[in-house]
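> Can you look at this prediction? I've put the sequence above it.
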Amino acid sequence: MKLSPSAETASEPKARFFNRTTPPHILTLVLIAGIGALNMNILLPSLPSISSYYDADYALVQLAVSGYLAMTAVLQLLTGPLSDRLGRRPVLLISFTLFIIATLLAATAETIETFLAARMAQAVIVTGIALSRAIVRDMVPMEQAASMIGYVTMGMTLVPMVGPTVGGLLEESFGWQSTFYFTAIAAVVVLFVVYFDLKETNQNRTTSMAAQFRSYPELLKSRRFWGFTFTAMFASGSFFAFIGGAPYVARTYMNLSPSTLGLYFMCIGLGYMIGNFITGRFSGRLGIYKIMLNGNYVAGFGVAIAALYFMAGYSHPVGFFAPLFFVGVGNGLTMPSANAGMVSVRPHLAGSAAGLGGAIQIGGGAALSALAGIILTPTSGPLPLLYLMLACCGCGAIASIYTQNIAKQIELAEQNG
């Protein structure tokens, strides 16, 4: 069977670090995606302090999470077509430069409005997360893409796993602004790596941006694209709801310091890394559909344990954070498979699929993150947040089953005709 043009690039020479005549090194892809994850997570322990610094309501400051996610969703609609038209490399170089400027503006903002505007501008770094997947798909076919995305995400997970801990320690030592200076320095380092290591992987560029936007209906007519996208949206939605509500839960109900909260965040990050390792190791053998579905079951199991703990009348932080380790494992199983499937439905539109699918995925996550901030009150306790996360896991499982059934129908139709 003849491979698609994007899959044929799998025969390229072995990657060599800082050598643009070979494919990008996997560490480069980890760093490209990792900066976006760091930027999202390092701020979380500081949200209550930022609220106090600007004398602003927590619901307003929480826009630094939900509003940021919404902006990344909008930008991903442009990221895919831009990279399909102009190439992955120039889009990444420009995005990282703009991100560094926005990060420095956020660190020096004098009002909450200026801070939030700079925070929204930081969302341009979403190109790293979206295009790391498209670059993988440029190089290898779908089953290999799920495995490689799993390994990339496993390495990337080290960043958000320690990000909240680093953010909490930096805030307690130097103030919350130091987290932005740290992120800006890290982005400068990654920009250097991208410039010297990342060659252009998109060898099938489209002729115009308009042509790329006209390709969206082709994606939207694909039931498998919707299935993969909704699976990813609900899987990530449980995590986005968590990061939207966990800082409030930790400060209001558990009286945790920023650094202690950062340490507890490592539970879900460690689980995510393990889940991605399992995906990278076994996706080729078990298939993305089976791994994707089981990931939702594992995540739901973890949330259910935490909910039962609080329903029984207990309230220790370990009872809240430790079971959510399984949410990390579940997402590590589901997300690489769903994302690989999303960009493989139409291989010639991998960038557009990554952008459009990512926009829907993160847009849904933004809504769930904002909802988490709304349903939590000083008297509600953490159960409303856990119920929301459990609902996301259930919807993700339904979307996974739907996608698997559609794939079976397509396979039977091809066999019969």
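Yes, it's here.
> Residue 47 is in what secondary structure piece?
Per DSSP states H and E: residue 47 is located in helix 47-53.
> Quick check: mean pLDDT of the following helix or strand past that helix?
Using DSSP H and E, the next helix or strand after helix 47-53 towards the C-terminus is helix 58-61. For helix 58-61, mean pLDDT is 80.
> Next: stretch 231-250.
Mean predicted lDDT for stretch 231-250 stands at 87.
> How about stretch 320-336?
Mean predicted confidence for stretch 320-336 is 91.
> chain center to it: distance?
Put simply, stretch 320-336 sits 13 Å off its chain's centre (C-alpha atoms, centre = their mean, to the nearest Å).
> One more: stretch 333-351?
That offset, for stretch 333-351, works out to 14 Å (C-alpha atoms, centre = their mean).
> Buried residues in it, which are they?
333-347, 349-351 (16 or more other C-beta atoms under 10 Å). C-beta here means a position set from N, CA and C on the backbone, and glycine is covered the same way.
> Inside helices: which ones of these?
333, 334, 335, 336, 337, 338, 339, 340, 341, 342, 350, 351 (DSSP state H).
> quick one: what helix or strand has the closest residue to the second one other than its chain neighbours in it?
Nearest non-adjacent residue to residue 334, counting by C-beta to C-beta, 6 or more residues apart in numbering: residue 295, 3.2 Å away. In this structure, residue 295 is located in helix 288-311 according to DSSP H and E.
> what's the answer for residue 129, then?
helix 126-139.
> do the same with residue 190
helix 177-197.
> which strands and helices sit next to that helix?
For helix 177-197, the packing partners by 3 or more C-beta pairs under 8 Å, 6 or more residues apart in numbering; DSSP states H and E come out as helix 26-41, helix 88-107, helix 142-174.
> just flag whichever of the ones you listed has the lowest average confidence.
Per-stretch mean pLDDT for the helices and strands packed on helix 177-197 is lowest at helix 142-174 (a mean of 73).
> So which elements touch the helix or strand harbouring residue 270?
For residue 270, the enclosing helix or strand under DSSP H and E is helix 258-286. Helices and strands touching helix 258-286, by 3+ C-beta pairs under 8 Å, 6+ apart, are helix 142-174, helix 223-252, helix 288-311, helix 317-321, helix 325-342.
> the inter-axis angle of the second one versus helix 325-342?
The reference is to helix 223-252. Comparing the axes of helix 223-252 and helix 325-342 via axes from the mean of the first three to the mean of the last three C-alpha atoms, to 10 degrees yields an angle of 150 degrees.
> Buried residues of helix 223-252, list them for me.
223-252.
> how far off helix 26-41 does that helix point, in degrees?
Going by the same axes, to 10 degrees, helix 223-252 makes 50 degrees with helix 26-41.
> quick revisit: buried residues in the helix holding residue 47?
47, 48, 49, 50, 51.
> Export those residues to CSV and append columns for distance to residue 187 and pLDDT.
What follows is the buried residues of helix 47-53, written out as CSV (distance: C-beta to C-beta, whole Å; pLDDT from 0 to 100):
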residue, distance to residue 187, pLDDT
47, 21, 85
48, 25, 82
49, 22, 88
50, 20, 91
51, 25, 87
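> Can you lay out the residues you listed as JSON lines showing distance to residue 307?
Shown next, in JSON lines, are the buried residues of helix 47-53 (distance: C-beta to C-beta, whole Å):
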{"residue": "47", "distance to residue 307": "24"}
{"residue": "48", "distance to residue 307": "24"}
{"residue": "49", "distance to residue 307": "29"}
{"residue": "50", "distance to residue 307": "29"}
{"residue": "51", "distance to residue 307": "27"}
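> re the thing from before, can you give me how far the helix holding residue 190 is from the chain middle?
19 Å.
> go on, stretch 296-305?
With C-alpha atoms, centre = their mean, you get 19 Å for stretch 296-305.
> change the start of the numbering to 777 and stick with it
Okay, using 777 as the starting number, the last item reads as stretch 1072-1081.
> Please enumerate residues in contact with it?
Residues outside stretch 1072-1081 that contact it (C-beta atoms under 8 Å, 6 or more residues apart in numbering): 1007, 1010-1011, 1014, 1047, 1051, 1099-1103, 1105-1107, 1109-1110, 1162, 1165-1166, 1169-1170, 1172-1173, 1176.
> returning to that earlier point: which of the helices and strands packed on helix 1034-1062 sits closest to residue 850?
Closest approach to residue 850 among the helices and strands packed on helix 1034-1062 is made by helix 999-1028 (15.3 Å; C-beta to C-beta).
> Contacts only, for residue 1106.
Counting by C-beta under 8 Å, 6+ apart, residue 1106 has contacts 1011, 1047, 1051, 1071, 1072, 1073, 1074, 1075, 1076, 1077, 1078, 1169.
> Pick the one among those closest to residue 957.
Looking across the contacts of residue 1106 and measuring by C-beta to C-beta, the closest to residue 957 is residue 1047, at 29.7 Å.
> Just give the number of residues close to the residue nearest to the closest one when sequence neighbours are not counted.
Leaving aside its sequence neighbours, residue 1047 sits nearest to residue 1104 (C-beta to C-beta, 6+ apart; 2.6 Å). Residues near residue 1104, counting by other C-beta atoms under 10 Å, number 28.
> tell me the contacts of residue 1104?
Counting by C-beta under 8 Å, 6+ apart, residue 1104 has contacts 1015, 1043, 1044, 1045, 1046, 1047, 1048, 1049, 1050, 1051.
> The second one contacts residue 1102, doesn't it?
No: the criterion here is C-beta atoms under 8 Å, and residue 1043 misses it with residue 1102 at 9.4 Å.
> what separates residue 887 from residue 841, distance-wise?
Distance of residue 887 to residue 841, computed by C-beta to C-beta, to the nearest Å: 19 Å.
> nope, residue 896 is what I was after
12 Å.
> Who has more neighbours out of the two?
It is residue 841, of residue 896 and residue 841, that has more neighbours when counted by other C-beta under 10 Å, with 26 against 20.
> Which strand or helix spans that one?
Going by DSSP H and E, residue 841 is in helix 839-862.
> Which residue, other than its chain neighbours, is closest to residue 992?
Using C-beta to C-beta, 6+ apart, the closest residue to residue 992 is residue 1132 (6.0 Å).
> Also residue 956?
Leaving aside its sequence neighbours, residue 956 sits nearest to residue 883 (C-beta to C-beta, 6+ apart; 3.6 Å).
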